[in-house]
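Trainee: show me the folded form of this:
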Amino acid sequence: FYMSQLFKGQTNISIVLETNYDISTATNPLVRYRKPNGVHGSWTANKIGTTLVFNAINGEIDLEGIWSFQAYVEIGGLKAYGSIITQLINKPL
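Mentor: Residues are numbered from 1 along each chain as shown. Sure, this is the predicted structure:
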């Protein structure tokens with residue numbers, strides 16, 4: 001997981017979470033998030049190889065500060081979670 005600097009309100013960015021596992025048969029692929037204010041939720045993700053990808057195009061990144069992201073899928077009815085990744089979201093000039 002690597003992103004250059006990101007900014008509050010930025011659009012057309014991809015959040016890519018590497019799982020290091022074959023998730024081709026997984027269901028319910030989600031990118032889970034926790035915003036700097038503690039609000040959490042999830043976005044439906046696309047499975048690409050061993051990664052989950054969410055394309056933020058509508059300003060979903062709406063707060064500055066430290067965000068947390070985590071991959072989530074279900075495999076054979078079992079819940080599987082990826083590592084929690086943090087990303088600083090900056091205030092634009």
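
Trainee: once you drop chain neighbours, what's closest to the residue most central in space within the chain?
Mentor: Against the mean C-alpha coordinate of the chain, by Cα atoms, centre = their mean, the closest residue is residue 31 at 3.9 Å. For residue 31, the nearest residue in space outside its immediate sequence neighbours is residue 54; the separation is 4.2 Å by Cβ to Cβ, 6 or more residues apart in numbering. From N, CA and C alone the C-beta is placed, and that goes for glycine too.

Trainee: I figured that neighbour hits residue 46, correct?
Mentor: Yes - shown here, residue 54 and residue 46 form a contact pair, counting by Cβ atoms under 8 Å, at 7.5 Å.

Trainee: more crowded one of these two?
Mentor: Neighbours around residue 54 and residue 46, counted as other Cβ atoms under 10 Å, are more numerous at residue 54. The numbers are 22 against 13.

Trainee: packing partners of the helix or strand containing the more buried one?
Mentor: With elements taken from DSSP states H and E, the one containing residue 54 is strand 51-56. Where contact means 3 or more Cβ pairs under 8 Å, 6 or more residues apart in numbering; DSSP states H and E, strand 51-56 is packed against strand 13-18, strand 27-34, strand 40-44, strand 46-48.

Trainee: let me know the next secondary structure element after that strand.
Mentor: strand 65-75.

Trainee: still on that earlier bit, measure the residue nearest to residue 31 to residue 76 for me?
Mentor: 23 Å (Cβ to Cβ, to the nearest Å).

Trainee: list the contacts for the closest residue to residue 27 other than its chain neighbours?
Mentor: Spatially, and ignoring its direct neighbours in sequence, residue 27 is nearest to residue 74 (4.9 Å; Cβ to Cβ, 6+ apart). Contact partners of residue 74, counting by Cβ atoms under 8 Å, 6 or more residues apart in numbering, are 26, 27, 28, 80.

Trainee: okay then, goodbye and thanks.
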